[in-house]
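**Student:** Got a predicted structure here, sequence first:
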Amino acid sequence: MVEISQLLSQMEEEAPAIAAQALYDGAAVMQKGLTEAALSIKTAPFKYAKGGEKRLPSPEEKQIVLNAGVGIARFDKNGTEVDTSVGYNAAGYADVNWNHMNGSARTNYKKQNFRKLEHMDAPTLKMAGVYKRGTQNSKPIGAIANAINSGTSFMQKQPFFRKGVNKHQREAMESMKRRIEKRFEEYSNKSA
């Protein structure tokens with residue numbers, strides 16, 4: 001039987017690819033778990049929060065987060081560094097309902113009618129829910145997910161993301177371990 005040190009030197013060239021596959025397996029488990037955790041978000045019909053009170057997200061906001069889904073980004077820099085991130089950062093923008101604007105934002109919305117977005121000042125755009133020029137009443141999905149998860153001055157905290165990570169961390173690690181052991185076994189059998 002081939003010694004471990006020889007086996008490891010033979011595997012050295014493929015190590016970054018094996019690590020990337022293992023991390024991606026773990027990320028896939030985490031993605032599934034976080035999607036499951038997002039289903040547990042409690043909602044209430046939308047009511048604009050005033051004067052220090054906090055609200056639950058609306059069913060629409062929950063649906064935006066669920067529809068966007070948890071994304072997996074894979075990075076492999078020059079074949080030497082491997083990193084994988086899981087989350088909502090690259091989820092893009094979602095249209096948010098008219099009812100999610102306060103009275104003054106609605107007034108600005110009606111006044112401007114969004115025909116000349118380029119001439120509106122940034123505070124007016126932001127107040128009306130336009131976070132990206134050219135999109136009407138849209139908000140970044142990552143910001144919506146973060147507001148639900150961490151809470152804000154107007155929204156109750158529901159740390160679904162952390163709960164999902166904690167619940168599925170061991171399962172993700174086991175998945176990564178299985179991938180590496182499987183590849184190690186394949187190399188052992190080839191060399192024997």
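**Tutor:** Nice, I can see it.

**Student:** Contact partners for the spatially closest residue to residue 36 that is not a sequence neighbour?
**Tutor:** Spatially, and ignoring its direct neighbours in sequence, residue 36 is nearest to residue 164 (6.8 Å; CB to CB, 6 or more residues apart in numbering). In this view, the C-beta of every residue, glycine as well, is placed from N, C-alpha and C. By CB atoms under 8 Å, 6 or more residues apart in numbering, the contact set of residue 164 is 30, 33-34, 36-38.

**Student:** so where does residue 164 fall, helix or strand?
**Tutor:** helix 160-191 (DSSP states H and E).

**Student:** buried set for that helix?
**Tutor:** Buried residues in helix 160-191, counted by 16 or more other CB atoms under 10 Å: 160-161, 163-165, 168, 172, 175-176, 179-180, 183, 187.

**Student:** Likewise for stretch 23-40?
**Tutor:** Neighbour counts over stretch 23-40 (16+ other CB under 10 Å) mark 23-27, 29-31, 33-34, 37-38 as buried.

**Student:** just the residues you listed now: which is nearest residue 15?
**Tutor:** Set against residue 15, the nearest of those by CB to CB is residue 23 (12.3 Å).

**Student:** Go ahead and confirm the closest one touches residue 84.
**Tutor:** Yes. Residue 23 is in contact with residue 84 according to CB atoms under 8 Å; the separation is 4.4 Å.

**Student:** Minimum pLDDT in the buried residues of helix 160-191, which residue is that?
**Tutor:** Across the buried residues of helix 160-191, no position has a lower pLDDT than residue 187, which has 74.

**Student:** What separation do you get for that residue and residue 46?
**Tutor:** For residue 187, the distance to residue 46 equals 56 Å [CB to CB, to the nearest Å].

**Student:** for residue 189, same thing?
**Tutor:** Residue 189 is 59 Å from residue 46, where distance means CB to CB.

**Student:** now residue 73
**Tutor:** In this view, residue 73 and residue 46 are 31 Å apart by CB to CB.

**Student:** ok, now residue 148?
**Tutor:** For residue 148, the distance to residue 46 equals 13 Å [CB to CB].

**Student:** Mind listing the residues bridging to residue 138?
**Tutor:** Beta-bridge partners of residue 138, counted by DSSP bridges, are residue 95.

**Student:** distance of it from residue 48?
**Tutor:** Distance, residue 138 to residue 48, by CB to CB: 18 Å.

**Student:** Fine by me, thanks again.
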